[in-house]
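**Student:** Predicted coordinates and the sequence they were generated for:
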Amino acid sequence: MTKLRARIARLACGAALLLTASAALAQTAQVPEMPMDRAVNLGGVEAACTGIGLDARDDPQWLAYPVRVEVSNVLNEYLTGAIISVADEAGRPVLEANCGGPWLLLKLAPGRYRVMARLPGTDAKPRTATIDTPAKGQMRVVLQFLDQ
């Protein structure tokens, strides 16, 4: 009887892993990937996904965005493919972005926000930060995945 229980437990673990992977893929699929180096409207917020290559990073048009969210690992290397969510101070969702680059630029209305990044398909814990949109200039927010 113990062999049967062990086999059932292995099958259940395998099924759980498959369901977890399917859920992660489904979550990513629900958030379409943003085009690179082009401004788009996400829930009423102008946003741009960029940061790959020096030409893209040095483009002066990106300085007009008051918030720059960067995603990196423990070695300060940029990470791509993060799903980034922004909620207002009351916790209401503002936007969700699937950025294929390491930078997500945002023109958020003045206020306090919570930014969260997650890396689909990994076991990395989500990273969060609370930000206040600057009145002028650009705020750099680095969400660093220490487990990547």
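**Tutor:** Cool, got the structure. Residues are numbered from 1 along each chain as shown.

**Student:** Show me how the record splits this protein into domains.
**Tutor:** 1-30, 33-145 (automatic domain parsing).

**Student:** Deepest-packed of the ones you listed, please.
**Tutor:** Here the criterion is mean neighbour count by mean count of other Cβ atoms under 10 Å, and of the domains of the chain the winner is domain 33-145, at a mean of 16. Where C-beta positions appear, they are placed from N, C-alpha and C, glycine not excepted.

**Student:** That domain: end-to-end distance?
**Tutor:** End-to-end span of domain 33-145 (Cα to Cα, to the nearest Å): 20 Å.

**Student:** didn't residue 68 look like it was pressed against residue 143?
**Tutor:** No. In this structure, residue 68 is not within contact of residue 143 by Cβ atoms under 8 Å, at 11.3 Å.

**Student:** Tell me the confidence at residue 147?
**Tutor:** We have a pLDDT of 84 for residue 147.

**Student:** Three-state assignment for the nearest residue to it once chain neighbours are set aside, please.
**Tutor:** Spatial nearest neighbour of residue 147, chain neighbours left out: residue 124 (5.1 Å); criterion: Cβ to Cβ, 6 or more residues apart in numbering. Secondary structure, DSSP: H, G, I helix; E, B strand; the rest coil: residue 124 is coil.

**Student:** Might you report the residue contacts of residue 124?
**Tutor:** Going by Cβ atoms under 8 Å, 6 or more residues apart in numbering, residue 124 touches 118, 145, 147, 148.
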